[in-house]
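1. my questions concern the predicted model and sequence given below.
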Amino acid sequence: FLPLSCIFVVMDYPRTQMEFEKTFSNEEKCVQYLIDVHWPNGFTCHCGGQEYWIASRRRVKCKKCNSMASITSGTLFDQSNKPLTYWFRAIWWMIAQKSGVSAVGLQKVLGIGSYKTAWIWLHKLRVLMVLPDRDKLTGKVEIDETFVGGIREGKRGRGAEDKSCVLIAVEVLPKGTGRVRLKLIKDVNGKNLLKFIRANVEKNSIVVTDGYRCYASVGKKGYTHIVQKQVIAMTEDEMLPNVHRVAALLKRWLLGTHQNYVSADRLQKYLDEFSFRYNRRKSNSRGLLFHRVIEQAMSREPITNKKVLANKV
């Protein structure tokens, strides 16, 4: 055991690759970081003890009553036989890279023999990128659909064959854009469109769409609805430029990072990752994002490999 006195610690996190390597150079340092995340105001045992030892198998032992407590039980790291140093590097690499990383890329970086393991890990981390209590979009919001995937080009627009329909909502700011939300839907109909708007856009916001008939009732649902009409010589991209800019970035990311090897039934998780990246594109601290993902990993229920493979998360 390693004797430690637990006092209030102001959480710090690495800001560069060099700091990361120094901060998490071994398993004990990773365990200590999880302890600090789990007990941000200092370790407190059920007996009231505040001093502990770090025991084996990612546990802490109270120095007052000798009881044991697992640090990773009930978290993302529960039942994983891989070292925490691997997990931390996977999270850091996924966050620190501007365009993310593919399963093949992560496999090479970690030096693990299994592509399947890298693929499952990335899917687990994508689940953490959706905060359960995230705020809805507000202000002026552009909404439209785009179509991605498919073996061949096919026809464009609504009804495109062999393609997945993705709804996009983006906040329009005086200069540039704010946050985005993306949702995979099976059918482009009024029910699905309104469900998406209600789930992602705050009431009394201004919703800007094209003249598609399925958006006709938006103004009756607590939103100010502006219909952007197409005029002569105006393309679809020019009608709703902010949405189509996000759509172009999404397709470029899917092609560049993942070479479009994304099946339709798994697409939503990639949309969640893209939204996470886009909404934090102006963040100056990759280390803080890393820390937030670790916090989510420690607070969310375990995600089993079986659930990931069955596409039930």
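-> Happy to help now that I have it.

2. any low-confidence regions in this protein?
-> Within the chain, the stretches with pLDDT under 70 are 1-11, 150-161, 231-237.

3. what residue lies at the spatial centre of it?
-> Closest to where the C-alpha atoms of the chain average out (C-alpha atoms, centre = their mean) is residue 129, at 2.2 Å.

4. what residues are up against that one?
-> Counting by C-beta atoms under 8 Å, 6 or more residues apart in numbering, residue 129 makes contact with 272, 273, 275, 276, 293, 296. For the C-beta atoms, the positions are set from N, CA and C on the backbone; glycine is no exception.

5. what sits closest to the last one if chain neighbours are left out?
-> The one in question is residue 296. The spatial neighbour of residue 296 that comes closest, neighbours along the chain excluded (C-beta to C-beta, 6 or more residues apart in numbering), is residue 128 at 4.1 Å.

6. about what we covered before: buried ones among the contacts of residue 129?
-> For these, a burial check counting by 16 or more other C-beta atoms under 10 Å picks out 272, 273, 275, 276, 293, 296.

7. go through the residues you listed and name the one nearest residue 198.
-> Nearest to residue 198, judged by C-beta to C-beta, of the buried ones among the contacts of residue 129 is residue 275 at 17.7 Å.

8. part of a helix, is that closest one?
-> Yes. Counting by DSSP: H, G, I helix; E, B strand; the rest coil, residue 275 is found in a helix.

9. can you lay out the buried ones among the contacts of residue 129 as JSON lines showing distance to residue 214?
-> Listed next are the buried ones among the contacts of residue 129 as JSON lines, based on distance: C-beta to C-beta, whole Å:
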{"residue": "272", "distance to residue 214": "24"}
{"residue": "273", "distance to residue 214": "28"}
{"residue": "275", "distance to residue 214": "23"}
{"residue": "276", "distance to residue 214": "28"}
{"residue": "293", "distance to residue 214": "36"}
{"residue": "296", "distance to residue 214": "35"}
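
10. out of these, which comes closest to residue 254?
-> Distance to residue 254 across those (C-beta to C-beta) is lowest for residue 273, with 10.3 Å.

11. burial check on residue 143, number of neighbours?
-> 23 (other C-beta atoms under 10 Å).

12. quick one: it and residue 215, what's the gap?
-> 8 Å (C-beta to C-beta, to the nearest Å).

13. quick check: neighbours shared by the two?
-> 193, 209.

14. list the contacts of the spatially closest residue to residue 98 that is not a sequence neighbour.
-> Once flanking residues are discounted, residue 98 sits nearest to residue 277: 8.0 Å by C-beta to C-beta, 6+ apart. Residues near residue 277 by C-beta under 8 Å, 6+ apart: 98, 99, 100, 253.

15. quick one: the helices in the chain, in order.
-> For the chain, helices defined by DSSP state H occupy the ranges 17-23, 27-38, 84-96, 103-110, 115-128, 190-200, 236-239, 241-258, 267-279, 286-299, 305-309.

16. can you pull the buried residues of the first one?
-> Spelled out, it's helix 17-23. Under the neighbour-count criterion of 16+ other C-beta under 10 Å, helix 17-23 has 20, 23 buried.

17. all set now, cheers.
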